[in-house]
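**Student:** coordinates only, sequence not included:
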Ligand code: NA
Ligand code: NA
């Protein structure tokens, strides 16, 4: 039988890990135990995330899971979905993802791998100590930011984005070194944010997607029938994983609310203001990407 | 895959046995067993694991605290530290040996790392204890044991990582570490007091001076002030929100320089020597950490964690038996792996086991921190032992034997918190 | 001849040791600057954490050779007493083989970064070839120092020097 190790950077009870485990279980069942995928969550195999595209390409692991916008160091085009205010909402992400996939398939093929399925992250929120209604409330707010795009967006909004490793976030919040965090609801629950923060605002400045892809040399070692099974399962299970992502967001928000966090709203005016301010960032980033990215964005905006 | 595991352990003993450097040996073990049993590009995995293991921002506090220790050692105000402390502990059985435990307990309040705590305090205490004729094994052992408090008493880098991986509140974890840290420190001091009746000092105690002990104590206070002030400033900056726990290390370096500048002991030569001294220690520790993280990755690829967890599951143990078995496994693994890798490698499979047995994740976090502390002082791979060897040039076996009583105290302590979990869970319950 | 080569390599190792120390000191300075910027200037220096981590890994490898030469790397010498010279030769050969493999792996790692133009992908977007090259270079120097050590052992020259009295630059 074929034995594959699949590393994941996320904690063992994260929904992405659970989803990938469901996929692995189905693969094992439907190939009659001929293809066995073992998941290694929480970085247990030493992989942290930004190196996953190259790790799969170079055959360090036959199969792996990656956060797409963490791979921009390898290929700028992989940051497309995370461009500021390109995508409005979850439905938009679903639509965009379909248009984007052919280009992704092309990029991944060049990197000696094949995409099996994707799982999105929930909407991005900012979690704060004080309420935020207008852009003026954002001025000078010390906010933890994890990725390049969010840092630039927060900066454009007048906030002070602070780079901190995730582990430092909670102690820094407790001490007051930072006053806000930009992340999604599952991470807010992981960090028990209600202990230290009060408000949550769905500013949805970027969107993030996770992909599971397989090394092409490992892929070719499977029989045609096994390949077909893995492909079919990926295609069939993907919509379910997307539903899970949305349900997880709702469940996590419910949990945050139950613990006393106040779910705020972002007014259209504020969103418009943030969007306008970040147009130059978006344009500059897309200019540096594969020309096909521009075509995808244009078609998406005209839809 | 028992053959792979037996080969790995065999290779480890052979390579370490030749006397080759620990860091290179650990890498050799990983390279050898992966080449034999897995078809992956081992050289790429080695480079990537080293890169990932060391380019972690949380790790940066370690060399900075070591740099602070090098500076402190060359400062004038720490010279008188011992003379001023002596009258305070003179009448306690164990005398100045307690400075190891007390020093580490205080330093642990600002340092999140156990190696940094050991290095910083040991740099100050070991030469002084030697000069005053204290038993060497007692000095080294108490330093090795108490140095591990760096992880248990907040802030703690390893607790932060546990919190992230296990999805528990870092604040509650920090709160959970305080009472166990203090109780463990008291147990160490109790042992030192009792043992001092059996292991006397080689030199007689200094004679009491005429003006009485309180006069001496009070006269010593001014020389304690710079050190206490330094600690208070770093601690204060952290709790006032000026600096994050990792940044506290940088602040500690800066403030140490400032104090030394004021007392005019900071010269170009002192900075140069401190920097290269810190670079030496950081290089030694960094290479071992990198190698150990590669070795744990190799063990993951060989399926060791899965095999062990399947075995434990099949035994269907009760809670106490499970903890005993986990303790045993962690002690064994901890002989060869460094704390951080030990945790990252085992957590995903151990968490379901212990929550299944009804243990609280916060409680288990403290258990795990103590077990990891124990791994710091067990040979052949024990980071605190290496730090002490770097300080004393003493033989590894001697240091490990000196640390053994403190290791046993920690074993007892694990059972203490197993039977009285309130020691751990009381404070986080209040948060 | 051997002495001259050895002296040149030792001096170079020591210089890199000082460079490593300077890198560590710079991390402290950068972080203090960030603390001041964030608390008093209302801004944040986005490169501090990332560059600090790279400085650390570079320092570890750049100081490795000097640390070896001055006896700072740890070894377990339990059975070495049986035959000190034979074990010294054996352990150096074992160490040399592993260090050689490590150096090769790290050189390829850095070359791969150079070839793909890989950057850190963070807001600083640092090309990873720079820190990776310094790391690879430090590992190569460690290997070279081990070669030298083997020759020294075979020629019955002292393998280690005392660093605290600056004996490298003495002579
Ligand atoms: Na601590
Ligand atoms: Na150990």
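**Tutor:** Looks like it arrived, so ask away. Because the structure is a prediction, the values reported are computed rather than measured. Numbering: from 1, shown residues only, chains lettered A, B, ... in the order given. Ligands and ions are numbered 1, 2, ... in the order given.
**Student:** Mind telling me what element the closest residue to residue C:154 other than its chain neighbours is part of?
**Tutor:** In space, and not counting its chain neighbours, residue C:154 is closest to residue C:89: 7.2 Å by C-beta to C-beta, 6 or more residues apart in numbering or on different chains. The way it works is simple: take the backbone N, C-alpha and C, and place the C-beta from them, glycine included. Using DSSP states H and E, residue C:89 maps to helix C:84-116.
**Student:** Compute the distance from the centre of the helix or strand immediately after that helix in the chain to the centre of its chain.
**Tutor:** Next helix or strand after helix C:84-116 toward the C-terminus (DSSP H and E): helix C:129-154. Helix C:129-154 sits 8 Å away from the centroid of its parent chain (C-alpha atoms, centre = their mean, to the nearest Å).
**Student:** Identify the residue spatially nearest to the residue of chain B found nearest chain A, adjacent ones excluded.
**Tutor:** Closest residue of chain B to chain A, C-beta to the nearest C-beta: residue B:241 (3.0 Å). Nearest non-adjacent residue to residue B:241, counting by C-beta to C-beta, 6+ apart: residue A:176, 3.0 Å away.
**Student:** What is the neighbour count of the residue of chain B closest to chain A?
**Tutor:** 19 (other C-beta atoms under 10 Å in any protein chain shown).
**Student:** Wait, a strand at it?
**Tutor:** No. With DSSP: H, G, I helix; E, B strand; the rest coil as the criterion, residue B:241 is located in coil rather than a strand.
**Student:** and residue A:180, how far is that from chain C?
**Tutor:** Counting by C-beta to the nearest C-beta, to the nearest Å, the gap from residue A:180 to chain C is 13 Å.
**Student:** The biggest helix by length in chain A packs against which elements?
**Tutor:** Taking DSSP state H as the criterion, chain A has its longest helix at helix A:224-258. Packing partners of helix A:224-258 (3 or more C-beta pairs under 8 Å, 6 or more residues apart in numbering or on different chains; DSSP states H and E): helix A:15-30, strand A:35-40, strand A:113-120, helix A:185-190, strand A:262-263.
**Student:** let's see 6 Å
**Tutor:** helix A:15-30, strand A:113-120, helix A:185-190 (3 or more C-beta pairs under 6 Å, 6 or more residues apart in numbering or on different chains; DSSP states H and E).
**Student:** Export these to a markdown table and append columns for mean neighbour count, distance to ligand 2 and mean pLDDT.
**Tutor:** Formatted as a markdown table, those follow (neighbours: other C-beta atoms under 10 Å in any protein chain shown; distance: least, C-beta to the ion, whole Å; pLDDT from 0 to 100):
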| stretch | mean neighbour count | distance to ligand 2 | mean pLDDT |
| --- | --- | --- | --- |
| helix A:15-30 | 19 | 30 | 96 |
| strand A:113-120 | 22 | 38 | 97 |
| helix A:185-190 | 23 | 30 | 89 |
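**Student:** would JSON lines of these with distance to residue B:274 be doable?
**Tutor:** Converted to JSON lines, the helices and strands packed on helix A:224-258 look like this (distance: least, C-beta to C-beta, whole Å):
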{"stretch": "helix A:15-30", "distance to residue B:274": "45"}
{"stretch": "strand A:113-120", "distance to residue B:274": "48"}
{"stretch": "helix A:185-190", "distance to residue B:274": "39"}
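**Student:** wait, which of these is closest to residue A:249?
**Tutor:** Residue A:249 sits nearest to helix A:185-190 of all the helices and strands packed on helix A:224-258, at 5.3 Å, using C-beta to C-beta.
**Student:** So what's the residue count around residue B:397?
**Tutor:** With other C-beta under 10 Å as criterion, residue B:397 counts 14.
**Student:** Could you do residue A:70 as well?
**Tutor:** Counted with other C-beta under 10 Å, residue A:70 comes out at 25.
**Student:** need the contact list for it.
**Tutor:** Residues in contact with residue A:70 (C-beta atoms under 6 Å, 6 or more residues apart in numbering or on different chains) are A:49-50.
**Student:** Read off the pLDDT value for it.
**Tutor:** pLDDT, residue A:70: 93.
**Student:** Okay, and the beta partners of the residue of the stretch 1-150 of chain A found nearest ligand 1?
**Tutor:** Proximity of the stretch 1-150 of chain A to ligand 1 (C-beta to the ion) peaks at residue A:144, 22.2 Å away. With DSSP bridges as the criterion, residue A:144 is bridged to residue A:162, residue A:181.
**Student:** if we can go back for a sec, ok, the residue nearest to residue B:241 - how many residues close by?
**Tutor:** Applying other C-beta under 10 Å, we find 15 residues neighbouring residue A:176.
**Student:** Read off the pLDDT value for it.
**Tutor:** On the pLDDT scale, residue A:176 gets 86.
**Student:** With residue B:158 instead?
**Tutor:** Reported pLDDT at residue B:158 in the predicted model: 83.
**Student:** What of residue B:431?
**Tutor:** Per-residue pLDDT puts residue B:431 at 68.
**Student:** Ok, residue B:1 next?
**Tutor:** We note a pLDDT of 55 for residue B:1 in this prediction.
**Student:** next one: residue C:74
**Tutor:** Per-residue confidence (pLDDT) for residue C:74: 81.
**Student:** Contacts only, for the closest residue to ligand 2 within chain A.
**Tutor:** Per C-beta to the ion, residue A:46 is where chain A lies closest to ligand 2, at 19.3 Å. Contact analysis of residue A:46 by C-beta under 6 Å, 6+ apart lists B:49, B:52, B:297.
**Student:** Check residue A:66 too.
**Tutor:** Contacts of residue A:66 by C-beta under 6 Å, 6+ apart are A:52, A:211.
**Student:** again, 7 Å this time
**Tutor:** Contact analysis of residue A:66 by C-beta atoms under 7 Å, 6 or more residues apart in numbering or on different chains lists A:49, A:52-53, A:210-211.
**Student:** what helix or strand does it sit in?
**Tutor:** Assigning secondary structure by DSSP H and E places residue A:66 in strand A:63-67.
**Student:** do the helix or strand following that strand and chain C meet?
**Tutor:** Reading on from strand A:63-67 to the C-terminus, the next helix or strand found by DSSP H and E is helix A:90-110. No. Using C-beta under 7 Å from any C-beta of the partner chain, helix A:90-110 stays clear of chain C, with a minimum separation of 11.2 Å.
**Student:** give me the number of residues near the residue nearest to residue B:282 when sequence neighbours are not counted?
**Tutor:** Counting by C-beta to C-beta, 6+ apart, residue B:282 lies nearest to residue B:63, which is 3.9 Å off, once chain neighbours are set aside. The tally of other residues near residue B:63 (other C-beta under 10 Å) stands at 32.
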